[in-house]
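Asks: Take a look and give me a structure for this.
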Amino acid sequence: MKILLLGEYSNVHNTLAKGLRELGHQVTVASDGDGWKNYPRDIDLKRDLDQRNGRLSFIWKLLKALPKMRGYDIVQLINPIFFELKAERIMPFYRYLRRHNKKIVMGAFGMDYYWASVNTEIRPLRYSDFNFGDKPRTDIEAQQFRDDWIGTPKQTLNEQIALDCDGIPAVLYEYWATYDQVQTICPDGRQIRDKMRFIPLPIVMPEIYHTSYYGGPLRIFIGISRNRSAYKGTDIMLKAAERLKAKYPDKLDLKVVEGVPFDEYSRILNGSDVILDQLYSYTPSMNSLLAMSKGIIVVGGGEPENYSILDEKELRPIINVQPNEQSVYDELEQLILHQERIPELKRQSVEYVRKHHDYLKVAAEYLDFYSEL
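Replies: Residues are numbered from 1 along each chain as shown. Below is the predicted model:
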């Protein structure tokens, strides 16, 4: 197949491209590198926000790139906002891609209208970026995302593409469960949710990983996303870790990293025993899975639904926490006090990623999905 992966989140498309290429397919990644993370891509769509007449120069860059986006069997969009443009300017580009390629799929990979609206109104999850139980979250960042996606051109764009596209892969249980609530009828007679397929995130297994632990301070890593700390819960996780550092100064080393490119992030992560990530998630993210592949224990999202959708009945490597500071504190303290658990959790972490998220296995699942279209 000839495949175009358009857009980037947390190295998903770049990693998927590696797997698809190794399985014998022609793949192009076109993206902005996910901003400051600067992931590799074949067609650079980075927008220079500091340049005078930046919007016009970016549109000119897109117009020059469009001829390279024709003639594909599959075009996979990372999100309805697949270019760094206002939503109302994107639909003509979508129609161009639709005319000049065979099939288009839209990823349920992150923030979009359905994620914001379903979890605000229907609330199928016990907690999410937008709700705690039956109550909507009221923090500033959650409300900003609601205002950005609900009742706006972004909503219109998301709905139009969801109705028109050929398929919708979802990379986390939460996104699958959210889109599963959408019963809107498409022109072809299917419901939007009928277009869905859950496909795990892809990870390239490292050549070197560490599952042993010889005592000493527990090395804890936390990465802070710019302007999204409260939204992702890393502010709360950091507070819990700092409390424990004050209580057990000789038993815990805490490393906090903010806003560094991917290569540097990965290098700093090496040597850690534990990563704190995604307080409000049911499932591990790309950063968590990368850490697990190295033998690093994740404290974050590991709800039963995560294991169930993968049909995993034995491995339980993730230290699951509830979305509050005390839960993070208690689980971390138990790990500090019972370090005999660490080697087995590290071993299971590596095995879990190898079993469910190896990039070649995931690429083969995408190819099955594409073929069925």
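Asks: Please state the offset of stretch 153-169 from the chain centre?
Replies: For stretch 153-169, the distance between its averaged C-alpha position and the chain's averaged C-alpha position is 19 Å (Cα atoms, centre = their mean, to the nearest Å).
Asks: Make 600 the first number, not 1, from now on.
Replies: Noted, 600 is the first residue going forward, which turns the last one into stretch 752-768.
Asks: in that stretch, what counts as buried?
Replies: When burial is assessed from 16 or more other Cβ atoms under 10 Å, stretch 752-768 yields the following buried residues: 753-754, 756-761, 764-768. No exception for glycine: its C-beta is placed from N, CA and C like everyone else's.
Asks: go on, stretch 698-715?
Replies: The neighbour-count criterion (16+ other Cβ under 10 Å) identifies 700, 702-715 as the buried residues of stretch 698-715.
Asks: so which of the residues you listed comes closest to residue 907?
Replies: Set against residue 907, the nearest of the buried residues of stretch 698-715 by Cβ to Cβ is residue 707 (18.2 Å).
Asks: So residue 952 is in contact with residue 805, correct?
Replies: No - distance between residue 952 and residue 805: 9.7 Å, which falls outside the contact criterion (Cβ atoms under 8 Å).
Asks: lowest confidence element among the helices and strands of this protein?
Replies: Lowest on mean pLDDT, DSSP states H and E among the helices and strands of the chain sits helix 828-831, with a mean of 68.
Asks: any idea how far the closest residue in space to residue 625 that isn't next to it in sequence is from residue 643?
Replies: Nearest residue to residue 625 in three dimensions, chain neighbours excluded: residue 601, at 4.7 Å (Cβ to Cβ, 6 or more residues apart in numbering). With distances taken as Cβ to Cβ, to the nearest Å, residue 601 is found 20 Å from residue 643.
Asks: Output the buried residues of stretch 752-768 as TSV; include the columns secondary structure and pLDDT.
Replies: Formatted as TSV, the entries for these read as follows, by DSSP: H, G, I helix; E, B strand; the rest coil; pLDDT from 0 to 100:
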residue	secondary structure	pLDDT
753	helix	98
754	helix	98
756	helix	98
757	helix	98
758	helix	98
759	helix	98
760	helix	98
761	helix	98
764	coil	98
765	coil	98
766	strand	98
767	strand	98
768	strand	98
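Asks: Among the residues you listed, which one sits closest to residue 660?
Replies: Proximity of these to residue 660 (Cβ to Cβ) peaks at residue 756, which lies at 20.5 Å.
Asks: Contacts only, for the closest one.
Replies: Residues touching residue 756, when contacts are defined by Cβ atoms under 8 Å, 6 or more residues apart in numbering, comprise 679, 680, 686, 687, 689, 690, 693.
Asks: same for the host helix or strand of residue 889, what does it pack against?
Replies: Residue 889 belongs to helix 885-892 when elements are defined using DSSP states H and E. Helix 885-892 sits against helix 861-868, strand 873-875, strand 896-899, helix 941-955, with contacts defined as 3 or more Cβ pairs under 8 Å, 6 or more residues apart in numbering; DSSP states H and E.
Asks: Among these, single out whichever gets nearest to residue 885.
Replies: Judged by Cβ to Cβ, the one of these that comes nearest to residue 885 is helix 861-868, at 10.0 Å.
Asks: check contacts around the residue lying farthest from the centre of the chain.
Replies: Among the C-alpha atoms of the chain, the one farthest from their average position, using Cα atoms, centre = their mean, is that of residue 849, at 34.2 Å. Taking Cβ under 8 Å, 6+ apart, we find residue 849 in contact with residue 816.
Asks: Measure how buried residue 924 is and give me the count.
Replies: The tally of other residues near residue 924 (other Cβ atoms under 10 Å) stands at 19.
Asks: for stretch 891-910, how far is the first residue from the last?
Replies: The stretch stretch 891-910 measures 19 Å between its terminal residues, going by Cα to Cα, to the nearest Å.
Asks: which sections of the chain are below the confidence cut-off?
Replies: With pLDDT under 70 as the threshold, the chain has low-confidence stretches at 648-652, 825-830.
Asks: one more time with 80
Replies: Counting by pLDDT under 80, the chain contains low-confidence residues at 647-654, 824-831, 858-861.
Asks: Break it down into its domains, please.
Replies: 601-801+958-971, 817-955 (automatic domain parsing).
Asks: And the longest one, how far out from the chain middle?
Replies: For domain 601-801+958-971, the distance from its own C-alpha centre to the chain's C-alpha centre is 11 Å (Cα atoms, centre = their mean).
Asks: which residues touch the residue nearest to residue 625?
Replies: Contact criterion Cβ under 8 Å, 6+ apart gives 624, 625, 670, 671, 672, 673 as the residues in contact with residue 601.
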